[in-house]
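A.B. asks: Fold the following, please.
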Amino acid sequence: MSSPTPTTPPADPGFDPLVFWIQHKMKIVFLGGLLIVGLTTFAISEIVRTSNNAASRDLFAKASTVEDFRKVVTEYPSTAAGANAHLLLAEKLREEGKFDDSAKVLQTFIEKYPTHELISGAYTSLAANLEAQGKVDEALSAYQKVSTSYANSFSVPAALLAQARILTGKEKTEEARRIYEQVMTQFPDNPAAQQAAQDLRRLKK
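C.D. replies: Below is the predicted model of the structure:
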């Protein structure tokens, strides 16, 4: 009986780009199209964002009136300048005695930009509006919220001074004295410390 003739496996032709292209042409074209669309969309969005930021910064730099700041807020709501314009718009409205309008702008800012670095300033401005309207108890609570909820923010010294001022007006001099001393101890290099020292001297007299 003759032994079977061994068969030799066909040689591996290796990677053939033409065969691969023919087999996967539609998939390659489809994925390539998606990549191009994605890159194009990203590029366009970056161009628009950069352009908007530049335009918003220019408009913000030139703004000086309620109308100017409102225009920045309206036309560039998703930019840093648009966010910051809310605070200056609220300040301008407060200067004009439009406290309710100012408060609405600040509430909008708080809702739209809850993690903004100036969020504590927005709450402090709300408290200032309340104080200016004679709502001292509400203002005191608002200032206390700033000094406790945003204890590491730039707004704390001003919020503490305001609390002491209101407490002095309510003849709660001991509480006011403790706050002035707190400001002097906690923020010795801040101008608020000098103000606290002056107010404390007047309080003792």
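
A.B. asks: all contacts plus neighbour counts: C-alpha atoms, from now on.
C.D. replies: Will do.

A.B. asks: Return, as residue ranges, the portions of the chain with sub-threshold pLDDT.
C.D. replies: Counting by pLDDT under 70, the chain has low-confidence residues at 1-52.

A.B. asks: all helices of it, in order?
C.D. replies: 17-62, 66-75, 80-95, 99-112, 119-132, 136-149, 156-169, 173-186, 191-204 (DSSP state H).

A.B. asks: Would you indicate which residues of the third one are buried?
C.D. replies: With burial defined by 16 or more other C-alpha atoms under 10 Å, the residues of helix 80-95 counted as buried are 81-94.

A.B. asks: same question, the shortest one
C.D. replies: Neighbour-count burial for helix 66-75 flags 66, 68-73 (criterion: 16+ other C-alpha under 10 Å).

A.B. asks: ok so, going back, closest to G121 out of the buried residues of helix 80-95?
C.D. replies: Closest approach to G121 among those (C-alpha to C-alpha): L87, at 8.1 Å.

A.B. asks: right, and the closest one touches T108 too?
C.D. replies: No - counting by C-alpha atoms under 8 Å, T108 is not a contact partner of L87; they are 10.2 Å apart.

A.B. asks: quick one: contacts for the residue nearest in space to the middle of the chain?
C.D. replies: Closest residue to the average C-alpha location of the chain: H116 at 1.8 Å, with C-alpha atoms, centre = their mean. H116 makes contact with no residue, according to C-alpha atoms under 8 Å, 6 or more residues apart in numbering.

A.B. asks: From Q107, how far off is it?
C.D. replies: 13 Å (C-alpha to C-alpha, to the nearest Å).

A.B. asks: How many residues are close by the closest residue to L167 other than its chain neighbours?
C.D. replies: Spatially, and ignoring its direct neighbours in sequence, L167 is nearest to A176 (5.6 Å; C-alpha to C-alpha, 6 or more residues apart in numbering). Each residue near A176 was counted by other C-alpha atoms under 10 Å, and the total is 25.

A.B. asks: show me the contacts for A176.
C.D. replies: Per C-alpha under 8 Å, 6+ apart, neighbours of A176: 163-165, 167-168.

A.B. asks: how close does R57 get to Q144?
C.D. replies: R57 sits 34 Å away from Q144 when distances are taken as C-alpha to C-alpha.

A.B. asks: Understood, closing this out.
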